[in-house]
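In: Just to be clear, the model below is a prediction. Sequence and coordinates:
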Amino acid sequence: MIRIPTPIPIQIHPLFWLVCLLIGFLYSGMNLALMFLWVVVIFVSVLFHELGHALCARAFGQQSVITLMAFGGVTQHTGKDLSASKQFLITLMGPLFGFILFAIFYSLAPFVPETSEYLSYFVRVMVIINLLWSVINLFPILPMDGGQLVRIVLEKFFQIKGLKAAVIISIVFSVVIGGLSLVFGQWILAMLFFFFAFQSFALYSQVRPLRQQDTNVDIVDKFQEAQKKLIAKDQQGAKKDLEEIRQNAKEGVLYLQSTEMLVSILKNEGDYKQAYELLQSIKDTLSFEGKILLQELAYHEKNYQEALKAGRESFEEFPNAEVAFKNSACCAYLNKASDAIGWFESAIEYGLKEPLKAVERSEFDSIRDTKEFQAFVATLQK
């Protein structure tokens, strides 16, 4: 990473240069001089665009850092919270600076001597790139500026629903424009927009559970207090706060997280039955940690089928020996010797300690006399 210590710090990732060279190679006809000009055009255009964001942010008292990456640049700014109107202006300044750069070189074009081949080429490309990219960058696609502008406006007027709508709009436009790019043979653009579609889809999976309550200041503050109390080992204080959050929120991400945290406290207190019943109310929307909890609680309550289901889902997200072993034990209790052996082998693969001792545990008594299990134990003993 190249770092330039200017008043607005600039960081340049090596992949930025690689992508610049690739684009230059594709559009220069393998002419080294023209390839170099393409790299200069992209560098100047992207940097000028990001300076639009950065300078506007500084005007509002923010500290800014510009980073040039593989598929463009990003300007990060820190400081006091900004109003939606100021965020809108900061975002808008990027494309506006692009149009300014387009206007400058468009005005210079008639004065460039036709005999100056490389200079003429450079100016033409600057005109085309800054016009096209500034227009494209205003498409309502996240994380491009157009998508951010739509998000800021919709979120201002419709809060969480506006954010979700902005993400859905981004997915639709990304797929449509990516498809059109393929039709017209612009595979770099197609790759870029399909990547944006993938990002937007991943973002939607994160924002989908959000509800208006998740932006309620009182609920957010109470949740943070509960987290601090848990860190300080004040489980009773945290328990009281989490119950209050559940009562006030009713739904949403903070409600779900508070429920899982409360279940964990109840489990630590030894109240497995209440913890299990409470987790049942949100079992279709559990996090990875919640699925681990459900497996453990269902197993304790001897609901082996549900414990196995939760264990399978959590193992798919993060394979590990503990979950695999518990899945194996569930299968044994359900008299599924073949499945129990398969999960036991997975537990060994992911680092199960002392498998010869583990295989002698009482969980496997119900299948111990089966030929399959005896053959498996004999293999372990070799």
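Out: Nice, thanks for sending it over.
In: So M261 sits against E243, correct?
Out: No - using C-beta atoms under 8 Å, M261 is not in contact with E243, being 10.6 Å away. From N, CA and C alone the C-beta is placed, and that goes for glycine too.
In: can you tell me the distance between the two ends of stretch 107-126?
Out: Terminal residues of stretch 107-126 lie 12 Å apart, using C-alpha to C-alpha, to the nearest Å.
In: Same drill for M261 and E243, tell me which one is more crowded.
Out: M261 (21 against 15; other C-beta atoms under 10 Å).
In: you'd agree the more buried one is in a helix?
Out: Yes - under DSSP: H, G, I helix; E, B strand; the rest coil, M261 sits within a helix.
In: ok, now how distant is the nearest residue to it once chain neighbours are set aside from K267?
Out: Nearest residue to M261 in three dimensions, chain neighbours excluded: L242, at 5.6 Å (C-beta to C-beta, 6 or more residues apart in numbering). Relative to K267, L242 is positioned 13 Å away (C-beta to C-beta, to the nearest Å).
In: Show me which of the two is the more surrounded one.
Out: More neighbours surround L242 than the other of L242 and K267, with 28 against 19 (other C-beta under 10 Å).
In: The residue nearest to M261 is in contact with S264, isn't it?
Out: No - using C-beta under 8 Å, L242 is not in contact with S264, being 9.8 Å away.
In: Run through the residues that contact G342.
Out: G342 sits next to 328, 331 when contact means C-beta atoms under 8 Å, 6 or more residues apart in numbering.
In: residues of the host helix or strand of it that come out buried?
Out: Following DSSP states H and E, one finds G342 within helix 337-349. Residues 337, 339-348 are the ones in helix 337-349 that count as buried (16 or more other C-beta atoms under 10 Å).
In: Mind checking what helix or strand follows that helix in sequence?
Out: helix 355-358.
In: Moving C-terminal from that next one, which element do we reach first?
Out: Criterion used, DSSP H and E; the element after helix 355-358 is helix 371-381.
In: other SSEs contacting that following helix?
Out: Secondary-structure packing of helix 371-381 (3 or more C-beta pairs under 8 Å, 6 or more residues apart in numbering; DSSP states H and E): helix 337-349, helix 355-358.
In: And for S134, the neighbour number?
Out: 21.
In: repeat for S205
Out: Counted with other C-beta under 10 Å, S205 comes out at 10.
In: For it, what is the enclosing helix or strand?
Out: helix 187-207.
In: What of L68?
Out: Using DSSP H and E, L68 falls within strand 63-69.
In: what residues does that strand touch?
Out: In contact with strand 63-69 (C-beta under 8 Å, 6+ apart) are residues 8-13, 15-16, 43, 46-47, 50-51, 53-54, 57-58, 73-79.
In: helix/strand/coil for the residue of the chain most remote from its centre?
Out: For the chain, the residue at maximal distance from the C-alpha centroid (C-alpha atoms, centre = their mean) is T115, at 50.7 Å. Under three-state DSSP, T115 falls in the coil class.
In: How about the contacts made by the nearest residue to F195 once chain neighbours are set aside?
Out: Distances taken as C-beta to C-beta, 6+ apart put F71 closest to F195, at 7.4 Å, once the chain neighbours are dropped. Going by C-beta under 8 Å, 6+ apart, F71 touches 19, 192, 195.
In: what's the spacing between F71 and G98?
Out: Distance from F71 to G98, by C-beta to C-beta: 16 Å.
In: Can you get me a residue count around I141?
Out: With other C-beta under 10 Å as criterion, I141 counts 30.
In: my guess is it meets S174, correct?
Out: Yes - using C-beta under 8 Å, I141 is in contact with S174, at 5.2 Å.
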